[in-house]
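Colleague: missing the sequence, but the structure's below:
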């Protein structure tokens, strides 16, 4: 009995925290923004958030009408059937306005903010939907012109669309806003190497290594560019004041095989065996889904030697890492020599797909 009282007190306190202190007096109707903020709160579990918000919807009403687009936005933020059904009941029960009167329009819901556009852009970028990602990154940058990560990711998107001039401008801006972000120097280094500007690529890779000494990818790319610059320098003819004595033709120095290569985003097309993750029971019961990106390292035979999830829900990361370790990919090749490689694998945990399976 004591535990039940404590739970109800906690739920009421959380509801007031989420929906505002006005709930104690004459509470206004809930906007879509109220529900989205409540769903993102970490004060209680997602199941309790849905239950609390559903009760608030029935008690206070809402300022909007449920549409397919709004339902998708609610579910993407964590809304369960309990909350969606409550919103639908209130929407269906709303009376039609009388023609002879002009009802006061409901307040316009708060529009999507910087985080909304950036998160959706990141999701489309991971899926390779570069055009969709670019549109959202443009919105994010217009809302927050001082965000280095927005410019960095938009630059990577421009690379995906092969617009290298705009990519360079965005990488420069990201570095200007945050001169200590090793990722910005690394990405600009990749771009400069692609453009054949090896000296600039060398400087960017060196800066990335100086800022993040644990970045194996930056170290590998720096070593590769240094070898290329050395080979190019050694292949240049040496100028002398007098005609040189006849000498045998110099043998071109062989290019040193790098220790590892960046293979980028790996998919089933690169795989010899692509293991799929097992949906964690706790995540399944909690209606948790979404994308999980895993950084992997490969040996010379394409076997996964290391897997570390770097994005996605914590309840899903372990399963994604296990699946990555059980997979095998075609090895990275430098000319005709297999070498170690590294890259990323993205898994999509979908409750709908899991039920269909």
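Modeller: Thanks, I have the structure now. Note that the structure is predicted; figures quoted are calculated from it, not measured.

Colleague: tell me where the stretch 151-300 of the chain has helices.
Modeller: 164-177, 182-194, 198-211, 216-234, 281-285 (DSSP state H, counting those that start in this stretch).

Colleague: same check on the stretch 1-150 of the chain?
Modeller: Using DSSP H, counting those that start in this stretch, helices in the stretch 1-150 of the chain cover 2-19, 32-40, 46-60, 68-77, 81-93, 114-126, 130-143, 148-160.

Colleague: could I get the buried residue list for the third one?
Modeller: Read that as helix 46-60. Under the neighbour-count criterion of 16 or more other CB atoms under 10 Å, helix 46-60 has 46, 49, 50, 51, 52, 53, 54, 56, 57, 60 buried. Backbone N, C-alpha and C define where each C-beta goes, glycine included.

Colleague: what's the angle from that helix to helix 81-93?
Modeller: Helix 46-60 and helix 81-93 meet at an angle of 20 degrees, taking axes from the mean of the first three to the mean of the last three CA atoms, to 10 degrees as the criterion.

Colleague: now helix 46-60 and helix 32-40, what's the angle there?
Modeller: Per the same axes, to 10 degrees, the angle that helix 46-60 makes with helix 32-40 is 150 degrees.

Colleague: do the last one as well
Modeller: Between the axes of helix 148-160 and helix 32-40, defined by the same axes, to 10 degrees, the angle is 90 degrees.

Colleague: report the central residue of the chain.
Modeller: residue 122 (4.2 Å; CA atoms, centre = their mean).

Colleague: would you agree that one is in contact with residue 153?
Modeller: Yes. Using CB atoms under 8 Å, residue 122 is in contact with residue 153, at 6.6 Å.

Colleague: shared neighbours, those two?
Modeller: Common neighbours of residue 122 and residue 153, counting by CB atoms under 8 Å, 6 or more residues apart in numbering, are residue 133.

Colleague: before we move on, back to that, winner for burial among the helices of the stretch 1-150 of the chain?
Modeller: Stretch with highest mean neighbour count among the helices of the stretch 1-150 of the chain: helix 148-160 (a mean of 23; mean count of other CB atoms under 10 Å).

Colleague: what's it packed up against?
Modeller: For helix 148-160, the elements it packs on are helix 114-126, helix 130-143, helix 164-177, helix 182-194, judged by 3 or more CB pairs under 8 Å, 6 or more residues apart in numbering; DSSP states H and E.

Colleague: returning to what we had before: dump the helices of the stretch 1-150 of the chain to CSV, plus mean pLDDT.
Modeller: Below are the helices of the stretch 1-150 of the chain laid out as CSV (pLDDT from 0 to 100):
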stretch, mean pLDDT
helix 2-19, 44
helix 32-40, 86
helix 46-60, 90
helix 68-77, 89
helix 81-93, 87
helix 114-126, 92
helix 130-143, 93
helix 148-160, 94
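
Colleague: tabulate the ones you listed (TSV), appending distance to residue 168.
Modeller: Shown next, in TSV, are the helices of the stretch 1-150 of the chain (distance: least, CB to CB, whole Å):
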stretch	distance to residue 168
helix 2-19	44
helix 32-40	35
helix 46-60	42
helix 68-77	33
helix 81-93	45
helix 114-126	18
helix 130-143	16
helix 148-160	8
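
Colleague: just so I know, which of those lies nearest residue 173?
Modeller: Checking the helices of the stretch 1-150 of the chain against residue 173 by CB to CB gives helix 148-160 as the closest, at 4.5 Å.

Colleague: contacts for the closest one, please.
Modeller: Taking CB under 8 Å, 6+ apart as the rule, helix 148-160 contacts 114, 118, 121-122, 125, 128, 130, 133-134, 137-138, 140-141, 144, 164, 166-171, 173-175, 177-178, 181, 183-184, 187-188, 190-191.

Colleague: dump the residue contacts of residue 268.
Modeller: residue 274.

Colleague: how far away is the nearest residue to residue 71 once chain neighbours are set aside from residue 149?
Modeller: Once flanking residues are discounted, residue 71 sits nearest to residue 84: 6.0 Å by CB to CB, 6 or more residues apart in numbering. According to CB to CB, to the nearest Å, residue 84 and residue 149 sit 32 Å apart.

Colleague: and the lengthiest strand in the chain, what does it pack onto?
Modeller: Longest strand of the chain, by residue count under DSSP state E: strand 337-349. Applying 3+ CB pairs under 8 Å, 6+ apart, we find strand 337-349 packed against helix 216-234, strand 260-266, strand 290-298, helix 314-325, strand 332-334.

Colleague: and residue 278, which of these is closest to it?
Modeller: helix 314-325 (5.6 Å).

Colleague: please consider this matter closed, and thank you.
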